Structures are given as structure tokens and as C-alpha cells.
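[1] Sequence and predicted model, in that order:
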Amino acid sequence: MLSYFSNPQRFDRLARTLIPVFGSLTVVLLGVGGWLALLGSPPDYQQGETIRIMYVHVPAAYMAMALYAALAVASFVYFVWRHALADTAAEIIAPIGALFTVLALFTGSLWGKPMWGTWWEWDARMTSVLVLLLVYLGYMALRAALEDAQQAARTGAVLAMAGIVNLVIVKFSVDWWSSLHQPASLIRLDGPTIHASQLWPLVIMILAYSFLAGWLVLYRLRSQALRRRARALQRQRDQAARQREEAVS
Amino acid sequence: MSDFLAMGGYAAFVWPTWGLSFLVLVGLVAHALVERREAREALRRLEEDEA
């Protein structure tokens, strides 16, 4: 399957089909999920109306982690098979993932203040998510600092794959250490432990964020393809100009 | 309506959370759209030069 979609034309056809599908799904799911989260679901018996923070905090945190996993997978594919498309995908995923990590931290802070009485605590979950942000930023800085594009791609891929360790720590931090943060209530072996009236809006919002992220990555991949074509054209032209100059002299 | 806006006394936490999330989502989409337009423009200029 991998080699099938590494063909740029084939990938472009697939992306052109998926982009409008992902876009419309995002709009519909955000509409339904947003309505359910703000109006169509009851307040929590312990947390009252602050539970409505969950419907945007959890999807953001989920995207921060899912996009990191995607970054690591794209890096692995590039590292092993040298598919240029996988590297471009990794480059696009990183800033989006970093932004969702920032969003998860801020929305978590806005939830922590009324419920825990603090904006921030240096406990395992919060600290490991901050480290996740630093790994994202480190990845972006590394790529920006290395001038040779291929070297930047390879070194970046190694860093992204190594960072998986921290992703595992983020996920299990709430089980391994005592934390202010509540443990998982969605993705756990014995199934979700959250009531259907809160589960549905949350799942719909997570799906909406996921389709949005998919839309963003595919859409930006196609823009990058246009930029690559422009660069190639520019190079060709520069070369032709140089040859003319040499012929004259 | 005002009950809804008050969010049980937690308006100062719920609404900034939703506002911030909305801004980030809209910002990401807007950036992607602007990037596409610029990329298409740049390519078009290069191709016009050729002709």
C-alpha cells in the first residue's frame, strides 16, 4: 500500500478526493458536536458546567498525541524507504501538532484553575505534555537549523522516532505516578467509563478534530507540491540563464 | 440565555477555553488557505514569464 501511494500522481488523486470529504465531515461534526457539548448535554454531577471544557480540551490533547504518532510514523517511513512525500508530511504535521499541544496546555490550565485550584502543577501528566511541546519545537528548530535539506530530513526523522518514548510517558503518566489529572476514561481496556450523554459529544468532537487535522495535512501537502513545482521551474530557468551567459562569454 | 452564558458561574473559564479553541482551528484553516493561494500565485507568475 505504501509504495502504491508513494506515486505522486496517485497520491494527488487520492488527496483530491479526500480533501472535500474531510472538510465537509469536519464542518458537520463540529456543528453537531459543538451543539451537543454546549447545549445538548447535562452539567457534570461533580464538575458542573466546567465539564464543557472537556469537549475541547480532550480533543486538543488527543490531537497533540495522535499527530505526534503520525509524525513518528511518517519519519519512520521516510527513514526506511526514503519517500519524499513522507518527509514533507512530517514537516507539515509538526507545527500543527505543536499548536494543538499548546491548546491542550492552555485549555487544561483553564480547567485546572476552577477544579483543582491551580493553573499549573509540575506533576507527571502536565510535565510530560510540556516535554511533548518541547520535542515538537526541538524537531522544528533542528530542521530549520540544518541547511542541507536531506540532512535536516534524516536527523529530524531520528529525533521524531526517539520522541516516541515521551509519548508513551504522556499516555501512562496518570497511571504510573499520582497526578492531579484524572486517569483515562475513554481509551482503556475495560471500555469507556463515561456516561453516554457526555461520551457522544466528546467522541464527535474528537472525530471533528481528527478530520480537520487530516484535511489540514492533505491540503497543505498539495500546496507544498505546487511550491516544489515552482522551485523546480525556477531552478531550470536559472540554469538556462547561466548557460546563456557562459555561451556569450 | 443569560443562564447559558453564565455557565453556572464558570463563564470566565468555559468561554475563554472555547474562544481560544475556535481561534486556533480557524487560524489553522486560514493559514492553509493563504498558503495555497500564495503557492498557486507564485507558480502562475513563473509560468506566465515563460510564455
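    Right, received. Where do you want to start?

[2] going forward, measure contacts between C-alpha atoms and count neighbours the same way
    Will do.

[3] what's the spacing between the longest helix anywhere in chain A and its chain's center?
    Using DSSP state H, we find that the single longest helix of chain A is helix A:196-248. Relative to its chain's centre, helix A:196-248 lies at 15 Å (C-alpha atoms, centre = their mean, to the nearest Å).

[4] Average pLDDT for it, rounded please.
    Helix A:196-248 comes out with an average pLDDT of 93.

[5] ditto for stretch B:30-39
    97.

[6] quick check, it touching chain A?
    Yes - Stretch B:30-39 lies within reach of chain A by C-alpha under 8 Å from any C-alpha of the partner chain, at B:32, B:35-36, B:39.

[7] Any residue of the longest helix of chain A touching chain B?
    Yes - using C-alpha under 8 Å from any C-alpha, helix A:196-248 reaches chain B at A:216, A:219-220, A:223-224, A:226-227, A:229-230, A:233-234.

[8] Show me what that helix is packed against.
    Helices and strands touching helix A:196-248, as assessed by 3 or more C-alpha pairs under 8 Å, 6 or more residues apart in numbering or on different chains; DSSP states H and E, comprise helix A:8-38, helix A:51-81, helix A:84-116, helix B:11-50.

[9] Kindly reformat those as a markdown table containing distance to A:Ser179 and mean neighbour count.
    What follows is those, written out as a markdown table (distance: least, C-alpha to C-alpha, whole Å; neighbours: other C-alpha atoms under 10 Å in any protein chain shown):
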| stretch | distance to A:Ser179 | mean neighbour count |
| --- | --- | --- |
| helix A:8-38 | 26 | 17 |
| helix A:51-81 | 16 | 22 |
| helix A:84-116 | 11 | 21 |
| helix B:11-50 | 22 | 15 |
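
[10] sorry, back to before: need the residues of stretch B:30-39 next to chain A in TSV with distance to A:Ala208, can you?
    TSV is the format used below for the residues of stretch B:30-39 next to chain A (distance: C-alpha to C-alpha, whole Å):
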residue	distance to A:Ala208
B:Ala32	17
B:Glu35	22
B:Arg36	22
B:Ala39	27
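
[11] Narrow the residues of helix A:196-248 next to chain B to those that are buried.
    Buried members of the residues of helix A:196-248 next to chain B, scored by 16 or more other C-alpha atoms under 10 Å in any protein chain shown, are A:216, A:219-220, A:223-224, A:226-227, A:230, A:233.

[12] Which single one of the residues you listed is nearest to A:Thr155?
    A:Gln224 (20.8 Å; C-alpha to C-alpha).

[13] What's the separation between that closest one and B:Leu33?
    Applying C-alpha to C-alpha, to the nearest Å, one obtains 12 Å for the distance of A:Gln224 from B:Leu33.

[14] List the contacts of the residue lying closest to A:Ile53 once chain neighbours are set aside.
    Distance criterion C-alpha to C-alpha, 6 or more residues apart in numbering or on different chains; nearest residue to A:Ile53, sequence neighbours excluded, is B:Val14 at 5.7 Å. Applying C-alpha atoms under 8 Å, 6 or more residues apart in numbering or on different chains to B:Val14 gives the contacts A:49-50, A:52-53, A:110-111, B:7.

[15] Flag every buried residue along stretch A:143-159.
    For stretch A:143-159, the neighbour count (16+ other C-alpha under 10 Å) marks A:143, A:152-157, A:159 as buried.

[16] Low-confidence stretches in the chain?
    Using chain A. For chain A, residues meeting the criterion pLDDT under 70 lie at A:1-6.

[17] The intended chain is chain B.
    Checking chain B against pLDDT under 70 turns up B:50-51.

[18] What is the neighbour count of the nearest residue to A:Gln198 once chain neighbours are set aside?
    Among residues not flanking A:Gln198 along the chain, A:Ser41 sits closest, at 6.4 Å (C-alpha to C-alpha, 6+ apart). A:Ser41: 17 surrounding residues under other C-alpha atoms under 10 Å in any protein chain shown.
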